[in-house]
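S.K.: Take this sequence and fold it.
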Amino acid sequence: MVELVMGTLIFVLVVLMAAARVKARLQDVDKARDRVRKELLDGGETAKIRIFESHPLSDVQIIEVARSEGFAYRGVGAEGAGYAALDFVKGTGRHD
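M.R.: The predicted model follows:
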């Protein structure tokens, strides 16, 4: 019985992770920009933007959106389960 519950739990987690990736792949550029802006503003003084969730934006486009919102780029880091993320800090970026 425990094996069935654990197997079901693992299956549900895999499906949720796959759904997040598929959803990100199907979004258009405007939705991706809006998502980046929301994550920046919800993050407070620092923010990590997962690269795969920002598809189809490139790293450079994500950085430009962040700069327009007053964030400075700090580099590439990791978030959560090893997802590549871009790190930003508020207040030291330039406003374009």
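
S.K.: From the centroid of this structure, which residue is nearest?
M.R.: Residue closest to the average C-alpha location in the chain (C-alpha atoms, centre = their mean): Arg50, at 2.6 Å.

S.K.: That residue contacts Gly77, doesn't it?
M.R.: No: taking C-beta atoms under 8 Å as the contact criterion, Arg50 and Gly77 are not neighbours in contact, 10.3 Å apart. Any C-beta I mention is one placed from the backbone N, CA and C, and that applies to glycine too.

S.K.: hey, what's in contact with both of the two?
M.R.: Common contact partners of Arg50 and Gly77 (C-beta atoms under 8 Å, 6 or more residues apart in numbering): Ala84, Ala85.

S.K.: which stretches of the chain form helices?
M.R.: Remark: helices assigned in the chain by DSSP state H are 2-26, 29-42, 59-68.

S.K.: right, and those - which one's nearest Phe88?
M.R.: Phe88 sits nearest to helix 59-68 of all the helices of the chain, at 4.9 Å, using C-beta to C-beta.

S.K.: who are the neighbours of the closest one, in terms of helices and strands?
M.R.: Where contact means 3 or more C-beta pairs under 8 Å, 6 or more residues apart in numbering; DSSP states H and E, helix 59-68 is packed against helix 29-42, strand 46-50, strand 71-79, strand 83-90.
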